[in-house]
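Asker: kindly generate the corresponding structure for this input.
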Amino acid sequence: MIHYVTGGTIRALREKKGYTQKQLGDQLLVSDKTVSKWETGKGLPDISLIEPLSLALGVSVAELLSGEYVVNRNRCGNLRKSSLYVCPLCGNVIHALGNAAICCCGISLPALTGEEAAEDHDFSVEQIEYDYYVTVAHPMTRDHYISFFAYITANRMQMVKLYPEQNAEARFPITGRGGVLYAYCNQHGLFSKKI
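Answerer: Numbering: from 1, shown residues only. Just a heads-up that it's a prediction; the model follows:
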């Protein structure tokens, strides 16, 4: 049987908050004996208590269920450490200032890793006045296309969403020095090129 929340997780989070079993039980309107049963694996919290339990323990429901909780030690974001996530079901593109626990359409999404652009996905970058003009010779059919281009510098993230039967091209205003350009192929993943 797979437990949807473990007693060890409940105990560790309760102790981290400095609560006794009675204090946690009082918050959830259950007895300390009930909390003890959860922690020793002799019982499980009712599904209706999962959200109140996560709130009392100061974690998200996903963190409570997975047993992996995130401690935020980051005091500021750095765009150069950005992470991109793409949902394979709906195509949603999510940008985070670092790694994150991202879910979409009921699926946990891994952060994409930008591989150096291979020959069949290599994109060209040309400076035109104050813009970078980016193009890639890539099919743009309903089944195989470039979904987006992104340009990330130290202080800005810009994205151009593309659709099938469009040209695989975009223009980005030049901001700051350096940066990384990304192209996402719906079949082969994320490709990158430093400028």
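Asker: which helices and strands sit right next to the lowest-mean-pLDDT helix or strand in the chain?
Answerer: For the chain, using mean pLDDT, DSSP states H and E, the weakest element among its helices and strands is helix 61-66, scoring a mean of 81. Secondary-structure packing of helix 61-66 (3 or more CB pairs under 8 Å, 6 or more residues apart in numbering; DSSP states H and E): helix 50-57. C-betas here are computed from N, CA, C, even on glycine.
Asker: quick one: the nearest residue to H144 once chain neighbours are set aside and H121, what's the gap?
Answerer: Distances taken as CB to CB, 6 or more residues apart in numbering place Q187 nearest to H144, at 5.1 Å, with adjacent residues excluded. Per CB to CB, to the nearest Å, Q187 is found 10 Å from H121.
Asker: okay, the two: which has more neighbours?
Answerer: H121 (21 against 11; other CB atoms under 10 Å).
Asker: pairing partners for the helix or strand where A170 lies, with directions?
Answerer: Assessed by DSSP states H and E, A170 sits inside strand 169-173. According to DSSP bridges, strand 169-173 has the following sheet partners: strand 131-136 (antiparallel).
Asker: about what we covered before: show me what secondary structure element comes after the least confident helix or strand of the chain.
Answerer: Heading C-terminal from helix 61-66, the first helix or strand you meet, by DSSP H and E, is strand 83-86.
Asker: how near is the closest residue in space to T20 that isn't next to it in sequence to L64?
Answerer: In this structure, T20 finds its nearest non-sequential neighbour in D32, 7.3 Å apart by CB to CB, 6+ apart. Here the criterion is CB to CB. By it, D32 lies 19 Å from L64.
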